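1. make a model of this:
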Amino acid sequence: MTQDRTEIQKTFFPNQSANLKKITVSTRIRKSITTIGQLAAIALSAQALALDLYVSPAGKDSNSGTEGAPLATLAAARDAARKVVGKEAVTIHVGDGIYHLPETLVFTPADSGSAEFPVVYRAVNEGRAVLSGGSELKLDWKPYRDGIFQAATPLGLEIDQLFINGKAQRMARYPNFDAAKKTDAYQGYSADAFSKERAAKWANPVGGYIHAMHTSRWGGYHYRITGKDAEGNVTYEGGWQNNRQMGMHKDFRMVENIFEELDAPGEWFHDRKTSTLYFLPAQGTDLAKAKVEVVRLRHLVEFAGTLEKPVKHIALEGFTVRHAARTFMDCKEPLLRSDWTIYRGGAFLLTGTEDIDIRDCEFDQVGGNAIFVNNYNRRVLINGCHIHDTGASGVCFVGDPAAVRDPLFEYNQSQDLTKVDPAAGPKSDNYPADSTVEDCLIHGIGRVERQPAAVQISMSKGITVRDCSIYDCSRSGININEGTWGGHLIEGCDVFDTVLETHDHGSFNSWGRDRYWDKSYPKTEKAVALNPDLPFLDAVTPTIIRNSRWRCDHGWDVDLDDGSTNYEIYNNVFLLGGLKLREGYRRIVYNNIGYNSTAYPSVWFKNSQDSLKNNIWMAAYKSARMPKDKWGGTSDKNLFAADFALKEAQDKGWDANSLVGDPMFIDPAKGDFRVREDSPALKLGFKNFPMDRFGVKKPSLKATARTPEIPPMQAQKKKPGPATGEWLGARLQELGSGGFSAYGIAEDDGGVAIIEVPKGSAAARAGLKSGDLLLKINESKVSKVGQVRRLTEESDTRSLTLQIVRDQTPMTLKLEL
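-> I've put the predicted structure just below:
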């Protein structure tokens, strides 16, 4: 039974009565209460343990913060709670409505709770308390021309994003956006996007933006237009957003924020000089009644602590987060020898925290990263959140490069591997660890930038991504940037429809270009032979990928790229793109199902300690730049769907005890890849695992989450291997499926592999080496052995200019005939 608290609160706490949590008193205790003093003692005890504050858009910051007299802002609630945090539990109840934050809401160590007395900011109704980094504009729209309307805006206003009735609109751009072109760069691209001829009609393009894919489609670049030169060519600055500086793609380009390109419904342009907003509304939009919002803040919430003095035990629950500015022009910091640069910020930025919870929040169309976990953080929990349509990444965990031993930042950098710091692990604790993204729905990632991920992990340890549905990503769904420092757990996830606009990645993507790794593989192998522990100095603890479902139509389902080391991969379903295992050490792969797919061993080190056992492979292994005769590592007790697939593996010294047969899936059309009791896979040691537990579990999110399309089962037929041939004494081979990735080139670059160069041959005298990739002869691309021979024979000079790639580095050689 509950003691009526009204008379207690009125008598003893007339100004705070609604702030006390309900006092529950058993019948036995109530009967023993005989004096007012005892009632007062109970009330005082309750007050000492818990404080409730209330916030409402209709409140005032001069109010007491009771339910009947709520505060108006979260900042005022924070300041009021600061007096008691750590001494009693605090709950701030945030009412329905929009809270336009005048500035970033910052929590410092002074706002910390404790394990016993946490601080919780909770929306009264999940999703109905909206934190906005923008402002609403009241505009007087007037017709301009061609269906375009114009309105005067406040002096000095800068508009990064425009929202009409809650939906982000598009800056005037060329080419126009076409939602149907889901896998086209920027959903519309053109080689002439900022050509001199195109720019001739632009009166003043200053402030416009160029967006362009990397020449190999390893992400993208962004530039701010600064004007036109005397010849009419567009001038610009930027291009620092990709750590592989190789220039923009010649075709995949787009420009925006150009007034003369305002010609499609939903496009807008803001003229700062005249303080005029131009907008071409979609059919049916009534601008007189439309809600118009613009973005002001980059970060809506910051937790600002340090390793020495962290912000602790604060939870944010049930908020909708909108209107955070785009940050692509500030994405400058290179990460460790990966393709990435990073901007350390997001709608929520956590620096120096412990035990921070972000629960049941929706991040809706934020312009940059949704959540950025920066440097020292421990036990961050992101649970039950819906993150969608972000300009950049969903959740980023990024540590301090100063915590890394012997860090290198650009792909081509190298060091003496015999002199690297021999100590394992980080130099300091200034990195995220022991943190979790759990039961989240994350989709629509990379609406602005083309180097994002639903979850990005770099220089961190022990990050868990569990029970997440991830899809509709311009690049990878989950990206682990390097081996530092491992211990991550990816489980129960459903990841698909990724790598929609980039190239040579997977739904899961990783690198391991750690201190042991050099792009000269013999150099790495020699160093590891001298010190077998070298690959594990950074990748200290195994990263586990398990109990998840993957599909990538434009790359690999799971792509362990350059150097990825110390992985354990089991109980996964690879629906289409399979598992790529580029060079690295100790990748233990077992009890997985490659449905219509297989493993892609690529450029393996000697004595790699890799193992593939008890898997079901529905296709033959697809290798690239592996030894001509016997492969390293071990592979055995796997089930193959075709005789030729097993024979090819056994010819390379693998799978002596593997079998061929029908795996006898229970219901593959419906995604049930468990095998029947009489399946030959079970005899090899394969064990069934659940097929109904992939992805988000929260009922409200699961009800809206998509699931991947299950492709029809394909009959496995032996395909002819890549064509080979002789040329100038060298042995050539055309690139097979996925072979381009082994050389670090784009698929449309073509190329013919030089797999053997005998001493004394004409090819050797020209400086060619085994492992080179021939791209061009006298500026003509080659992709077939016959082309190489024909171009050589048809040359009208006694010399050839050869463009090659060696160790993923372009080179030019002269060959005298």
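2. what pairs with R122 across the strands?
-> H93, E317 (DSSP bridges).
3. again with the one 10 residues further on
-> The residues listed as beta-bridge partners of S132 by DSSP bridges are H100, R322.
4. okay, now the nearest residue to A746 once chain neighbours are set aside: neighbour count?
-> In this structure, A746 finds its nearest non-sequential neighbour in S216, 4.1 Å apart by CB to CB, 6 or more residues apart in numbering. The C-beta positions use only the backbone N, C-alpha and C, and glycine is treated the same way. Residues lying near S216 (other CB atoms under 10 Å) number 22.
5. next: K250.
-> Burial measure for K250: 10 neighbouring residues, criterion other CB under 10 Å.
6. swap in E237?
-> Neighbourhood size, E237 [other CB under 10 Å]: 11.
7. my read: it touches H222, true?
-> No. Using CB atoms under 8 Å, E237 and H222 do not qualify as a contacting pair, with a distance of 10.2 Å.
8. quick one: contacts for the residue nearest to A746?
-> Contacts here follow CB atoms under 8 Å, 6 or more residues apart in numbering; on that basis S216 touches 244, 246, 503-504, 744-746, 749.
9. paired strands for the biggest strand by length in the chain, with orientation please.
-> Ranked by number of residues, the top strand in the chain under DSSP state E is strand 348-359. The strands beside strand 348-359 in its sheet (DSSP bridges) come out as strand 301-304 (parallel), strand 311-317 (parallel), strand 371-378 (parallel), strand 381-383 (parallel).
10. now for the next helix or strand after that strand, which elements pack on it?
-> Next helix or strand after strand 348-359 toward the C-terminus (DSSP states H and E): strand 362-364. Contacts defined by 3 or more CB pairs under 8 Å, 6 or more residues apart in numbering; DSSP states H and E place strand 362-364 against strand 319-322, strand 386-390.
11. what would the ones you listed look like in CSV with mean pLDDT, mean neighbour count and distance to F644?
-> Supplementary listing: the helices and strands packed on strand 362-364 in CSV, determined by pLDDT from 0 to 100; neighbours: other CB atoms under 10 Å; distance: least, CB to CB, whole Å:
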stretch, mean pLDDT, mean neighbour count, distance to F644
strand 319-322, 98, 24, 54
strand 386-390, 98, 24, 44
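12. and the ones you listed as TSV, adding distance to C468?
-> Conversion of those to TSV gives the following (distance: least, CB to CB, whole Å):
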stretch	distance to C468
strand 319-322	18
strand 386-390	10
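13. give the contact list for the closest residue to T801 other than its chain neighbours.
-> Leaving aside its chain neighbours, T801 sits nearest to N778 (5.4 Å; criterion: CB to CB, 6+ apart). By CB under 8 Å, 6+ apart, the residues touching N778 are 791, 795, 800-801.
14. buried subset of those as a PyMOL selection?
-> The following PyMOL command selects only the buried members of those, with burial defined by 16 or more other CB atoms under 10 Å:
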select buried, resi 791+800
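15. any idea which of the contacts of N778 is closest to E308?
-> Here the nearest of these to E308, counting by CB to CB, is T801; it sits at 59.1 Å.
16. which of the helices or strands spans that closest one?
-> Counting by DSSP H and E, the element that carries T801 is strand 799-806.
17. show me which residues of that strand are buried.
-> The neighbour-count check on strand 799-806 (16+ other CB under 10 Å) flags 800, 802-806 as buried.
18. I am finished for the moment; much appreciated.
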